[in-house]
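Engineer: Got a sequence here, can you model it:
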Amino acid sequence: MITEWQNHKAQLRSYISKRIDDVNAVDDILQDVYIKASGNLHQLKVTGSLKGWLYRIAHNLSLIHISEPTRPLYIS
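Structural biologist: Numbers count the residues shown, from 1 in each chain. You can find the predicted model right below:
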């Protein structure tokens, strides 16, 4: 999984960055994509569909991030 991840990581970051402006959020989403994909790799039926599967996870997590209400920052 690590080799395949390295092959797609930069493209996934770019894909997420086009939807999310916050660099830290992009990194968090990218990390979540890896965690979800590696934890559910056994569900992937066709090896050739890994790229599409990773993009679907990235897309769904980006939508979840966008739909979450923003939390106000409290600085004391």
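
Engineer: element containing residue 57?
Structural biologist: helix 50-67 (DSSP states H and E).

Engineer: Can you mark which positions in that helix are buried?
Structural biologist: 50, 53, 54, 55, 57, 58, 61, 62, 65 (16 or more other CB atoms under 10 Å). Where you see a C-beta, it was placed from the backbone N, CA and C, and this is true even at glycine.

Engineer: I'd say the second one and residue 41 touch.
Structural biologist: No: assessed by CB atoms under 8 Å, residue 53 is found out of contact with residue 41, at 9.3 Å.

Engineer: residues in contact with the closest residue to residue 32 other than its chain neighbours?
Structural biologist: The shortest distance from residue 32 to any residue other than its chain neighbours is 5.4 Å, reached at residue 61 (CB to CB, 6 or more residues apart in numbering). Residues in contact with residue 61 (CB atoms under 8 Å, 6 or more residues apart in numbering) are 29, 32, 33, 36.

Engineer: Which secondary structure element is home to the second one?
Structural biologist: Using DSSP H and E, residue 32 sits in helix 23-39.

Engineer: Show me which positions of that helix end up buried.
Structural biologist: Those would be 25, 26, 29, 30, 33, 34, 36, 37, for helix 23-39 by 16+ other CB under 10 Å.

Engineer: For the helix-or-strand element of the chain with minimal mean pLDDT, name the packing helices and strands.
Structural biologist: Ranked by mean pLDDT, DSSP states H and E, the weakest helix or strand in the chain is helix 2-17, scoring a mean of 91. Helices and strands touching helix 2-17, by 3 or more CB pairs under 8 Å, 6 or more residues apart in numbering; DSSP states H and E, are helix 23-39, helix 50-67.

Engineer: Residue 8 is nearest to which of those helices?
Structural biologist: Closest of the helices and strands packed on helix 2-17 to residue 8 is helix 50-67, at 5.5 Å (criterion: CB to CB).

Engineer: For the closest one, give the mean pLDDT please.
Structural biologist: In this model, helix 50-67 has an average pLDDT of 94.

Engineer: Pull the CA coordinates from it and hand them back as CSV.
Structural biologist: The C-alpha trace of helix 50-67 is given here as CSV (Å, rounded to 0.1, in the frame of the first residue of the first chain):
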residue,chain,number,x,y,z
LEU,A,50,-7.1,1.7,-6.3
LYS,A,51,-6.7,5.2,-7.8
GLY,A,52,-10.4,5.8,-8.3
TRP,A,53,-11.1,4.4,-4.8
LEU,A,54,-8.6,6.8,-3.2
TYR,A,55,-10.1,9.7,-5.1
ARG,A,56,-13.6,8.7,-4.0
ILE,A,57,-12.5,8.7,-0.4
ALA,A,58,-10.7,12.1,-0.8
HIS,A,59,-13.9,13.5,-2.5
ASN,A,60,-16.2,12.3,0.3
LEU,A,61,-13.9,13.5,3.1
SER,A,62,-13.6,16.9,1.4
LEU,A,63,-17.4,17.2,1.2
ILE,A,64,-17.7,16.3,4.9
HIS,A,65,-15.1,19.0,5.7
ILE,A,66,-16.9,21.6,3.6
SER,A,67,-20.3,20.7,5.2
